[in-house]
Structure formats: structure tokens, C-alpha cells
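Engineer: Pasting the sequence and the predicted coordinates here, then a few questions.
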Amino acid sequence: MPLQFAAPPARKSPLGSRGPYQKLKPIGKGAFGTVFLVSKPDAPDNLVLKEVGLKGLNVAERKQTMNEVAILKKLTHPNIIAFHEAITVDQTLCVIMEYAEGGDLAGLIATQKKTGKRFPEAMVLRMSAEIMSAMSYCHHDLHLLHRDLKPQNIFLGKGGEVKLGDFGISKVLGASKAMAQTQCGTPLYMAPEICRGARYDRGADVWAIGCVLYEMMGLTPPWADKVPQGAAGGIRALMRLITTSQLNLPPLRAHYSPELCAILASLLAKSASARPALLDLLAKPLLRSALPKPPTPPYPDAPSPIEGSSPPASATRYRTGSIVLVRRTSGMETMAVVEKIEATSGLYSLSLVSKDGKLEGTKLAPEPDLREPSSPHERQMELLQKRRLAQQRARTPMAPIEEHAAAELLQRSFQKRRAGRKPMTPVAEKAPPNVLLQRPPVVVKHNPMARHGVGQQQLGGGQAVRPETLEQQQRRLAANAAKGRARGHLGAEGACAPFL
């Protein structure tokens, strides 16, 4: 009977696994947990798994943590580490991200410093433009702050392209470990407003980009020459220095162009309101030319150009009302409508339109960033958008100035008609019957004490008094005088004698 040998079991990683992901090796450890290089059977490339402990968090904190994970899913930019998925295993949140094989910017700076040579300006411009492009996408498209931008969180892809990472599960998990993180690491890239404990906005990220740019140009971390290690005061002295002092920029002007040094100085302005928006910086020719253009996706069904036809390359290639595709700072393309062409700058003023036809915003773009819809899908979207614009124009009411003009014409015609007619005598309106006026006649009674001021008349039924005529008054006085003489109460003058 032949011997039968069982097949050896599949070899498991000594580090264990998390769900379908096998841990290959640890590649880092942060304030929130350990980071592992992992593999998945159906994934062609290795991935990164970041473990975050959820033990001790209440229901509200866990819910907010998952909401921030949902924000990470929205980060779709060529210069941001791609998010794959998030799973929860044994009270541990596992965030699976793209793996950057080129390491991080901190390692690249350390390697360059050993050579004794600085980075060439073209390389500094390219990496700076890619960092600004990624952060501009976060600031202006997603309204998201990074809050921990430094060379250790800026990674490099296979071809040396910049990949921003470590956006963090930040505020919820960071609340309990912020002090430990501050004591372990030096806040060299912290903005002055954060050091003062004031409120901060996207300007804090702009300051951090300036510190990273300063380190790339000088191969030395910011403030390192002013606060040596082991100095008295530690972090408090550094934070005081950040709020009151300035970085030493003049030595860099001997190695780099004045335009690049001016951009660095603007990023490191003490006042957050004085720092430029990244979108405005990317519009500068120096940075715009350094940003690599995204590859145009192939469209196999796109029609080939007709032989012998000359390509339209005039300054006003796209007319007002044209529907085009515009390249945004994120590198993605969005459909837009040409509103007008700026005469001075030659830029196109565009209205950005979403896939469902809603207005997303406005943008100024040069002609090289625009192109006509070419694929069948894009042409179908263009046709759909044209129909929506036609429907909107049909529903749009007449302009106010036209309404005023029509009203003015009608008023003039009415005035001419009135001038040709005779004036009409106004007819008095008949008063409506009033119930309060329909009362019984007034009964006037004589008051013998009228001359003593007691009162002259008594009203019957609470009605208004009717005045006596002169004849009625003479008759009444004569009758009263006759009665008085007969009774002996009145004198000849008709005066009233006192009662006994």
C-alpha cells in the first residue's frame, strides 16, 4: 500500500493577519497605532494597513471616527495616497491605503544632505507644486484641513511623484493622545496662531507648506539652528520663537531664484490672512509650468482628425456658451460652460457644472487647460447639458428692464385715452345703512334746575339732544314765569328764589 503524504498547510505570516490581509512587516509606528506592509491574495501590489485601537471609545466617538473615515474615501487626487477600504477587527480599526514605494520626503532630504548638494530648483518647484495642488484640492474642493503636514507625511511614488498621506482620524482620536504626541515630537511646522492657542483655518496648512519648502531648499528643518536639542525651555521656548521670530531666508537667495524665494516668504507670513490661497499660487506661471500635466486618457472610439484640416488654434477658440472640459487643480476634468473671455488676461471665465447639471462654482482658466468633448460619452453629456441650458432659458422670465419698458408703454397709452375723454363728475357713494343711527326720536324734557347748572335736558332712550328753536324757548320761559308768579316762587324779573 503506497504511502500518502498530506499537502503542507499554507504558510502564514508570523505577524498574523487582519481579515484577508497578511502582515508582511511593520513599516512605522505613530501616535494612534502601528503601520504594516500587507498583501492580499487578489491584489497585485502591496498595501499599507494602519491599525487604530477603538477600545475605550464611546458610541458617539466611534460614529464620528467612521465619519472621518468616510471623508478619507473622498480623497481622489493623483498626489494623495489612495484609500482602499476600512475594516474593524477585534476592537481595532484597520485602514488600508496605497503603498508608496519611494519612501518619504524626510528620507529623501536626509539622503540629499549627505551628498552636500542642494536640490535643483526644477525639482523643488515640481514637488512644491504637487503638494500645493493636493492641498488646494482639500481646501477648496473638500473644505478639509490636514493639520499635520511635514516631510514625514509626504511620500513618494515609483516615479518620484509626491503623495500626501497621514490625514489622520484626527480630532476624535487625537484628543486623548495630543499631549503624548507633543512631548514625543517637536512641533517645528506648527503655525504661529496655533502656538498662541488661537483659532486656525487653512492658513495653518499654508504655513506648514512653507516650512516644508524651507526644509527642501535649505536641507535643514525650520528653527533647528535657533533651538538646539537639549536647550532650556524645550517646546515652550520653540513656540515662543515661532510667534515672535522669523526664519533666516536671505542665505537661500544665493541658490534659488527671486521668484521662488518670494513665494516662500509669502507662505511664511506671520499673519494667517496675509498668506496666499494655494489656488492663487498655482495660477502663477512659475508653479503652473512646474506642475506635470495629467495624461490624457485614450479614447478608442474618438473620431480621427480629417486629413488636410488645420487645427483651430486661435486666441478665441471657444466662444461664449460653448461646453468644454476644463482641467482642475486636482488633475481631474470637469464639464464647464464658457461665460465670457477676459480681454486683459485672455483667460476664460467658466461656470463649472456637475454630472447632474447643477452649478458647482466658477473658475478662470487659460486655453491650454480646456478641450472639447471627444469621446461618445462626453458628447452625450454635452448634448444633455445643452438641452438643460435650453430648458433653463425657456423657463427664465423676461428681464426686469423689459418689464419696466412694457409698463411704461401701457401707462402712456392710458394717459392718451384719458386726455381725449371729458372729465367725469364723481358720483357720491351711498353710505351703507348704519344700525347705530337707526334710533327712536329724542324726547326733550325741561329741567327746572337748568338755571342753577343742574342740567337743561333729559334724554329719552339715551339719544342725542336736539337743540330748541328760539320760538320754543320763548314759549317755555313765558310759561314758567306765569307759573312762578302764581305760586310766589319767582319774582317779576323771572329770577329763581331760594327754596324754603
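Structural biologist: Noted; the coordinates are in hand. Residues are numbered from 1 along each chain as shown.

Engineer: C-alpha from now on. contacts and neighbour counts both.
Structural biologist: Will do.

Engineer: Output the below-cut-off pLDDT ranges for the chain.
Structural biologist: In the predicted model, the chain carries pLDDT under 70 at residues 1-14, 30-32, 168-186, 228-233, 293-316, 329-331, 343, 356, 392-468, 484-500.

Engineer: which residues in it form helices?
Structural biologist: Secondary structure of the chain (DSSP state H): helices at 59-73, 105-115, 121-136, 170-184, 192-195, 202-218, 234-244, 258-267, 278-282, 285-290, 376-395, 400-420, 470-487.

Engineer: Deepest in the core, which of the ones you listed is it.
Structural biologist: Highest mean neighbour count among these (mean count of other CA atoms under 10 Å): helix 202-218, with a mean of 24.

Engineer: by contact count, what packs against that one?
Structural biologist: In terms of contacts (3 or more CA pairs under 8 Å, 6 or more residues apart in numbering; DSSP states H and E), helix 202-218 is packed against helix 121-136, helix 258-267.

Engineer: go again using 6 Å as the cut-off
Structural biologist: With contacts defined as 3 or more CA pairs under 6 Å, 6 or more residues apart in numbering; DSSP states H and E, helix 202-218 has these neighbours: helix 258-267.

Engineer: can you give me the angle the helix it packs on makes with helix 121-136?
Structural biologist: 30 degrees (axes from the mean of the first three to the mean of the last three CA atoms, to 10 degrees).

Engineer: would you list the helices of the chain in TSV and tack on distance to residue 149?
Structural biologist: TSV is the format used below for the helices of the chain (distance: least, CA to CA, whole Å):
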stretch	distance to residue 149
helix 59-73	16
helix 105-115	11
helix 121-136	10
helix 170-184	12
helix 192-195	14
helix 202-218	6
helix 234-244	16
helix 258-267	14
helix 278-282	15
helix 285-290	20
helix 376-395	37
helix 400-420	51
helix 470-487	108
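
Engineer: Tell me which of those helices lies nearest to residue 251.
Structural biologist: Nearest of the helices of the chain to residue 251, taken as CA to CA: helix 202-218 at 8.6 Å.

Engineer: who's in contact with the closest one?
Structural biologist: For helix 202-218, contacts defined as CA atoms under 6 Å, 6 or more residues apart in numbering pick out 149, 189, 191, 221, 264, 267, 268, 272.

Engineer: Let me have those in a markdown table, adding distance to residue 62 as columns.
Structural biologist: Shown next, in a markdown table, are the contacts of helix 202-218 (distance: CA to CA, whole Å):
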| residue | distance to residue 62 |
| --- | --- |
| 149 | 25 |
| 189 | 29 |
| 191 | 29 |
| 221 | 36 |
| 264 | 40 |
| 267 | 36 |
| 268 | 37 |
| 272 | 33 |
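
Engineer: And the furthest pair within those residues?
Structural biologist: Longest distance between any two of the contacts of helix 202-218 is 21.0 Å, between 221 and 272; criterion CA to CA.

Engineer: quick one: residue 483 from residue 476, how far?
Structural biologist: According to CA to CA, to the nearest Å, residue 483 stands 11 Å off from residue 476.

Engineer: let me redo that: residue 111
Structural biologist: Here residue 111 is placed at a distance of 132 Å from residue 476 (CA to CA).

Engineer: same question, residue 201
Structural biologist: 99 Å.

Engineer: Same question for residue 197.
Structural biologist: 100 Å.

Engineer: What is the neighbour count of residue 283?
Structural biologist: 15 (other CA atoms under 10 Å).

Engineer: What residues does it make contact with?
Structural biologist: For residue 283, the contact set (CA under 6 Å, 6+ apart) is empty.

Engineer: What does it show for phi and psi?
Structural biologist: With angles defined as degrees, to the nearest 10, residue 283 sits at phi -80, psi -10.

Engineer: Same question for residue 46.
Structural biologist: With angles defined as degrees, to the nearest 10, residue 46 sits at phi -70, psi 160.

Engineer: Correct me if wrong: it contacts residue 39.
Structural biologist: Yes: shown here, residue 46 and residue 39 form a contact pair, counting by CA atoms under 6 Å, at 4.9 Å.

Engineer: For residue 24, list the residues it contacts.
Structural biologist: Counting by CA under 6 Å, 6+ apart, residue 24 touches 37, 38.

Engineer: when you give positions from now on, start the count at 29
Structural biologist: Yes, from this point I'll number from 29; that puts the last item at residue 52.

Engineer: Tell me the spacing between it and residue 391.
Structural biologist: Counting by CA to CA - residue 52 and residue 391 are separated by 46 Å.

Engineer: And for residue 376?
Structural biologist: From residue 376 across to residue 391, the span is 8 Å (CA to CA).

Engineer: quick one: which of the two has more around it?
Structural biologist: Higher neighbour count among residue 376 and residue 391: residue 376, with 24 against 15, using other CA under 10 Å.

Engineer: Please report how far the residue nearest to that one when sequence neighbours are not counted lies from residue 395.
Structural biologist: Using CA to CA, 6 or more residues apart in numbering and skipping the chain neighbours, the partner closest in space to residue 376 is residue 369 (4.7 Å). Per CA to CA, residue 369 is found 10 Å from residue 395.

Engineer: Could you check which of those two is surrounded by more residues?
Structural biologist: Under the criterion of other CA under 10 Å, the comparison of residue 369 against residue 395 puts residue 369 first, with 20 against 17.

Engineer: contacting residues for the more buried one?
Structural biologist: Per CA under 6 Å, 6+ apart, neighbours of residue 369: 375, 376, 377.

Engineer: can you redo these as TSV with distance to residue 90?
Structural biologist: Below are these laid out as TSV (distance: CA to CA, whole Å):
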residue	distance to residue 90
375	47
376	46
377	44
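
Engineer: Pick out whichever of the residues you listed sits closest to residue 354.
Structural biologist: Looking across these and measuring by CA to CA, the closest to residue 354 is residue 376, at 10.2 Å.

Engineer: Could you check how far the closest one is from residue 366?
Structural biologist: Going from residue 376 to residue 366 by CA to CA gives 7 Å.

Engineer: Ok, residue 51 next?
Structural biologist: Taking CA to CA, one finds residue 51 at 51 Å from residue 366.

Engineer: same thing with residue 87?
Structural biologist: 48 Å.

Engineer: Just the terminal-to-terminal distance for stretch 157-172.
Structural biologist: 18 Å.

Engineer: Please apply the same query to stretch 245-263.
Structural biologist: Start-to-end span of stretch 245-263 (CA to CA) is 24 Å.

Engineer: And stretch 164-172, by the same measure?
Structural biologist: End-to-end for stretch 164-172, by CA to CA: 10 Å.
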